[in-house]
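Asker: With the sequence up front, the predicted model follows.
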Amino acid sequence: MAISEFFSNDLQTSDNHKNPDLVTHYYKSDYRKIEEAVITVAKKLGFIVEEVNQDYKEIRVTKRNQELIINIFTISYFEQAVDFKVNTSYILACGRGVKLVKNFYQELDRLSTVIKKG
């Protein structure tokens, strides 16, 4: 983890991120099943689902000092990519955003079949 990620309150996953914990995950499933899995994991981790936007395929969840915007991208009918944008409001983030994404992906990987990462 880079020092900037350790202290950053805002981060985003991507296909070619330097940190392997922040690399996009691709799942073998249709959109509805991945959406349900994301909502299930969010609730399991104590988040409140604030908004599910079908037009932009985004899910916004919040918990105390954390906000996640989860994007689901349809690659093909049975392949979906999941990316996160994390906003936290801590004086010292101490890598909480990276840990949050890592935990979310681990739980999501248990519910769905991972095709690839990145």
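Answerer: Right, received. Where do you want to start? Computed from a predicted model, the values in this text were never measured in an experiment.
Asker: The spatially most central residue of the chain: what's it in contact with?
Answerer: In the chain, the residue lying closest to the centroid (C-alpha atoms, centre = their mean) is Phe84, at 3.6 Å. If a contact means C-beta atoms under 8 Å, 6 or more residues apart in numbering, then Phe84 has Gln12, Thr13, Leu68, Ile69, Ile70, Asn71, Val101, Phe104 as its contacts. Where C-beta positions appear, they are placed from N, C-alpha and C, glycine not excepted.
Asker: Now do the helix or strand encompassing Gly97: everything it contacts.
Answerer: Counting by DSSP states H and E, the secondary-structure element that holds Gly97 is helix 96-111. For helix 96-111, the external contacting residues (C-beta under 8 Å, 6+ apart) are 1, 5-6, 8-11, 13, 19, 21-22, 25, 27, 37-38, 40-42, 44-45, 66, 68, 82, 84, 86, 88, 90.
Asker: Check stretch 13-33 too.
Answerer: Residues lying outside stretch 13-33 but in contact with it, judged by C-beta under 8 Å, 6+ apart, are 1-2, 5, 11-12, 34, 37, 57, 72, 74-75, 77-85, 98, 101-102, 105, 108-109, 112-118.
Asker: Please point out which parts of it sit buried.
Answerer: For stretch 13-33, burial by neighbour count (16 or more other C-beta atoms under 10 Å) applies to Thr13, His17, Asp21, Leu22, Val23, Thr24, His25, Tyr26, Tyr27, Ser29.
Asker: Cys94 belongs to a strand?
Answerer: No - the assignment for Cys94 by DSSP: H, G, I helix; E, B strand; the rest coil gives coil, which leaves it out of any strand.
Asker: how far away is Asp30 from Lys117?
Answerer: As judged by C-beta to C-beta, to the nearest Å, Asp30 and Lys117 stand 20 Å apart.
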